[in-house]
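J.: just coords:
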């Protein structure tokens, strides 16, 4: 007997495939030959249902109706005939393709094309082929299969959604929107369609429509609960991009309400979603919104350790990086301080490369202290006032730079008081403390040996500002 199998792959499609029992077939049920015309099939059906009324013989009536629906529909009849001839073979090919879809998509594609060649009217191989093609970014092939399926099943909202996603990935937003509108027209509570519509509207700058689509996705089941965390998180980010702080805060409160904070597992899962969204925003350079999302995650109670600490550390990194981006563009700061922020917070490289770059920073700072120590001190005060997070993070280094700049001013003042104001500034300030790390000490210059206070063969300790920035021992006053 004919059996119906609902295909539940890749998005719960409503596609129904047909398979045939070898012992009984629809032609035998209706008592017609396999080459019977549609009129002959209908006549046989009506004759049977007059004898076997549904109220008296419900099972027989159901069998006759199923046989008639299949054999009077040309597509269903072709599919049924193909499945009767090669149903087992097609089933084997499709099952093998499903097993190979993830690890060997090329093999799956070959198997599915073979199944389609045997039974071109069977939808299941085509649906699975479209799925495989989407996985390997062969969107044109996937689109062809989805359009074929929609011709047969125009009322399947899931197929409209899949085609819309395929079109959107091909940057055909208008066509994708039309398919999604059709999907939600068929099923107004179709959550995934509303979510994809919101992404499309947001990308197009249609924020009001994006908000509407997200709210429809949230209310699709009539209850705002933990299942709506993703939609609420997207709504929060949308309001933050719009600069609507009041709605962003209200959405934050909604997020906190739907997250069961007495359940550590669910609270941590929600926090992780926020963390991953913030990381995406961070990678896109949207540090302000990334930090706002992380602050909401930090308001969740019950988040498990060590993940809660990881969120805090990342939030600090986001703020530091965001401030660093502003620092390097601020012309009111000395170039050496801007370079230090760039190297410390923005540049990526190996530890050796970072040490080299910090050496360059130290030399630049030393040169600026020699040239205009007072201006360096003013620049540091400006940094502390305008960029408090970075200034706090750099405070030990800033304090050391200020101290050296102050000593430089004292040396100049002392030289002026003793009548040495005509001495060039560079000569006044030259000392082992301020000298670059590569500069030899006076004792080593004269004799070529290690200084008296350092054993032979022991490497010279890191000194001066360069040593400080590289993590070496801080020297005493010169």
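T.: Okay, I see it. Keep in mind the model is a prediction, meaning the values are calculated, not measured.

J.: Tell me the first helix or strand C-terminal of the longest helix seen in the chain.
T.: For the chain, the helix with the greatest residue count under DSSP state H is helix 351-386. Tracing the chain C-terminally past helix 351-386 and defining elements by DSSP states H and E, one meets helix 388-393 next.

J.: elements contacting that following helix?
T.: helix 307-327, helix 351-386 (3 or more Cβ pairs under 8 Å, 6 or more residues apart in numbering; DSSP states H and E). The way it works is simple: take the backbone N, C-alpha and C, and place the C-beta from them, glycine included.

J.: and with 6 Å instead?
T.: Helix 388-393 sits against helix 307-327, with contacts defined as 3 or more Cβ pairs under 6 Å, 6 or more residues apart in numbering; DSSP states H and E.

J.: Which positions in the longest helix of the chain come out as buried?
T.: Buried residues in helix 351-386, defined by neighbour count with 16 or more other Cβ atoms under 10 Å: 357-359, 361-366, 368-370, 372-373, 376-377, 379-380, 382-384.

J.: tell me the angle of it relative to helix 307-327?
T.: Orientation of helix 351-386 against helix 307-327 (axes from the mean of the first three to the mean of the last three Cα atoms, to 10 degrees) gives an angle of 80 degrees.

J.: So which elements touch helix 351-386?
T.: helix 335-341, helix 395-417, helix 425-429, helix 464-469.

J.: Look up how far residue 380 lies from residue 118.
T.: 78 Å (Cβ to Cβ, to the nearest Å).

J.: Let me know the angle separating the longest helix of the chain from helix 395-417.
T.: Going by the same axes, to 10 degrees, helix 351-386 makes 70 degrees with helix 395-417.

J.: residue contacts, residue 71?
T.: 26, 41, 77 (Cβ atoms under 6 Å, 6 or more residues apart in numbering).

J.: so of these, which ones are in helices?
T.: Those of the contacts of residue 71 lying in helices (DSSP H): 26, 41, 77.

J.: Now list the buried members of those residues.
T.: 26, 41, 77.

J.: okay, the nearest residue to the first one once chain neighbours are set aside: pLDDT?
T.: Distances taken as Cβ to Cβ, 6 or more residues apart in numbering place residue 67 nearest to residue 26, at 3.8 Å, with adjacent residues excluded. Per-residue confidence for residue 67 comes out at a pLDDT of 87.

J.: The helix or strand harbouring residue 67: which residues count as buried?
T.: Using DSSP H and E, residue 67 falls within helix 58-71. The neighbour-count check on helix 58-71 (16+ other Cβ under 10 Å) flags 60-61, 63-64, 67-68, 70-71 as buried.

J.: so which of those residues comes closest to residue 215?
T.: Proximity of the buried residues of helix 58-71 to residue 215 was ranked by Cβ to Cβ; the top entry is residue 70 with 42.4 Å.

J.: Wait, that closest one touches residue 79, no?
T.: No - counting by Cβ atoms under 6 Å, residue 70 sits too far from residue 79 to count as a contact (8.4 Å).

J.: ok, the nearest residue to residue 142 once chain neighbours are set aside - how many residues close by?
T.: Spatial nearest neighbour of residue 142, chain neighbours left out: residue 133 (3.8 Å); criterion: Cβ to Cβ, 6+ apart. Other residues near residue 133 come to 23 when the count uses other Cβ atoms under 10 Å.

J.: Am I right that residue 133 is in contact with residue 139?
T.: No - Residue 133 lies out of contact with residue 139 (Cβ under 6 Å); the separation is 7.2 Å.

J.: so where is the stretch 251-400 of the chain shaky, pLDDT-wise?
T.: Scanning the stretch 251-400 of the chain for pLDDT under 70 picks out nothing.

J.: so how far is stretch 313-325 from its chain's centroid?
T.: Mean-position distance between stretch 313-325 and its chain equals 19 Å (Cα atoms, centre = their mean, to the nearest Å).

J.: Please point out which parts of it sit buried.
T.: 314-315, 317-324.

J.: Closest to residue 301 out of those residues?
T.: Of all the buried residues of stretch 313-325, residue 301 sits closest to residue 315, with 16.7 Å by Cβ to Cβ.

J.: can you tell me the helix or strand for the residue nearest to that closest one when sequence neighbours are not counted?
T.: Closest residue to residue 315 apart from its sequence neighbours, by Cβ to Cβ, 6+ apart: residue 294 at 4.2 Å. Using DSSP H and E, residue 294 sits in helix 287-298.

J.: just checking, what packs against that helix?
T.: Identification of packing neighbours for helix 287-298 by 3+ Cβ pairs under 6 Å, 6+ apart yields helix 264-283, helix 307-327.

J.: run the last query once more with 10 Å
T.: When contacts are defined as 3 or more Cβ pairs under 10 Å, 6 or more residues apart in numbering; DSSP states H and E, helix 287-298 packs onto helix 229-242, helix 245-258, helix 264-283, helix 307-327.

J.: any idea which of those is most buried?
T.: helix 229-242 (a mean of 21; mean count of other Cβ atoms under 10 Å).
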